[in-house]
Structure formats: structure tokens, C-alpha cells
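Student: predicted model and sequence follow; I will ask about them next.
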Amino acid sequence: MKSTAFLSTVAVLALLAAAPAFAGPPNSQTQHNSAPTTQDATSTARARHGDASALGLNNNAIEQQNLKFGKGGVQSNDAPTTQDATSDAFAKRGNADATSVNTNEIIQENDKLGRKGAHQTNSAPTTQSATSHAVSVGGDADALSANSNAVSQSNGSSK
């Protein structure tokens with residue numbers, strides 16, 4: 001019986017200690033996340049007697065969350081992303097393959113619990129550039145360039 005009471009007390013203390021981590025800075029009316037990202041991938045392949053394969057690849061994944069209890073305030077998420085992928089392949093007496101890919105996934109969420117609402121904003125401007133060049137003398141040349149961008153944003157408030 002004593003061990004159950006001790007475990008319950010530890011559990012309550014753990015929850016109380018963890019609460020400020022979810023509520024943001026103490027006595028703060030502003031919660032802000034910022035994750036600016038710049039990525040540059042360049043790949044070059046050259047072959048004189050065989051195949052040449054070049055891959056320029058950028059992957060980016062960001063998750064930002066704000067949870068606020070009590071009075072109103074400001075909640076904002078900012079994740080500007082710039083990605084540049086370039087690949088060049090040259091083959092003599094072989095095949096040349098060049099592939100450039102950028103992927104970007106951003107999740108942003110603001111939640112507010114309390115009497116007064118909060119000013120909530122999400123921003124995720126994205127610039128992507130993928131360029132591929134393939135040249136072959138005596139073989140096949142394939143070039144592929146692709147960009148993928150997925151953004152999920154939500155703001156919620158309940159009393």
C-alpha cells in the first residue's frame with residue numbers, strides 16, 4: 001500500500017514539473033519558434049571509360065508546436081527554407097545519369113487553452129531549385145530534377 005502511494009506522489013510531482021515545458025516560458029505572453037534552413041547539394045561525376053552517376057539531394061523536416069494556457073498572447077512559428085540541388089554527369093563510352101532532388105516537410109501548430117484568445121501565426125516560405133545535366137558520348141544520358149514541398153499548419157483556441 002505504501003509503494004502505491006509513493007508511486008502516485010512521484011507521478012503527480014512529475015506531471016507538475018513537466019507542465020511548464022508545455023506552457024512555454026513562465027509569465028511570458030510570447031511563444032516563438034524559428035527554424036531558418038538553407039541547404040545546397042552539388043554533385044559532379046565524370047567517366048572516360050564507363051558510367052558516370054551524380055546525385056544532389058537535400059532533405060528537410062521541421063515540426064514546430066506552441067501550447068499555451070491562460071490569458072491571450074502571441075504564438076508564432078517561422079520556418080523559411082531555401083534548397084538548391086545541382087548534379088552534373090559526363091560519360092565517354094558509357095552512360096551518364098544526373099539526379100537532383102529537394103524534399104521539404106514542415107508541420108506547424110499553435111494551440112491556446114483559456115479565456116482570451118491569442119494572436120497566432122504560421123509562416124513557411126519555401127524556395128527550391130533542382131538542376132541536372134547529363135552528357136554522354138557513346139551511351140545513354142538521363143537527367144532528373146524534382147522538388148517536393150509539404151506544409152501543414154494549424155491554429156486552435158478553446159475556452
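Tutor: That came in fine, so what should we check first?
Student: how about the strand or helix carrying Ala150: buried residues?
Tutor: Counting by DSSP states H and E, the element that carries Ala150 is strand 141-158. Applying a neighbour-count criterion of 16 or more other CB atoms under 10 Å, one finds Ala141, Ala143, Ser145, Asn147, Asn149, Val151, Gln153, Asn155, Ser157 buried in strand 141-158. In this view, the C-beta of every residue, glycine as well, is placed from N, C-alpha and C.
Student: can you give the strand pairings for it, parallel or anti for each?
Tutor: For strand 141-158, the paired strands and their directions (DSSP bridges) are strand 96-113 (parallel).
Student: average pLDDT for the strand it pairs with?
Tutor: The average of the pLDDT scores along strand 96-113 is 95.
Student: that one: how far from the chain's middle?
Tutor: Relative to its chain's centre, strand 96-113 lies at 5 Å (CA atoms, centre = their mean, to the nearest Å).
Student: can I get it in CSV, CA atoms only?
Tutor: C-alpha atoms of strand 96-113 as CSV (Å, rounded to 0.1, in the frame of the first residue of the first chain):
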residue,chain,number,x,y,z
ALA,A,96,25.6,9.4,-67.8
ASP,A,97,22.9,9.8,-65.0
ALA,A,98,22.3,13.0,-63.1
THR,A,99,19.6,13.4,-60.4
SER,A,100,18.8,16.4,-58.2
VAL,A,101,16.1,16.2,-55.5
ASN,A,102,14.8,18.6,-52.8
THR,A,103,12.3,17.4,-50.2
ASN,A,104,10.8,19.7,-47.6
GLU,A,105,8.2,18.8,-44.9
ILE,A,106,7.0,21.4,-42.3
ILE,A,107,4.4,20.9,-39.6
GLN,A,108,3.4,24.0,-37.6
GLU,A,109,0.8,24.1,-34.8
ASN,A,110,-0.4,26.7,-32.3
ASP,A,111,-2.9,25.7,-29.5
LYS,A,112,-4.3,28.0,-26.9
LEU,A,113,-6.4,27.0,-23.9
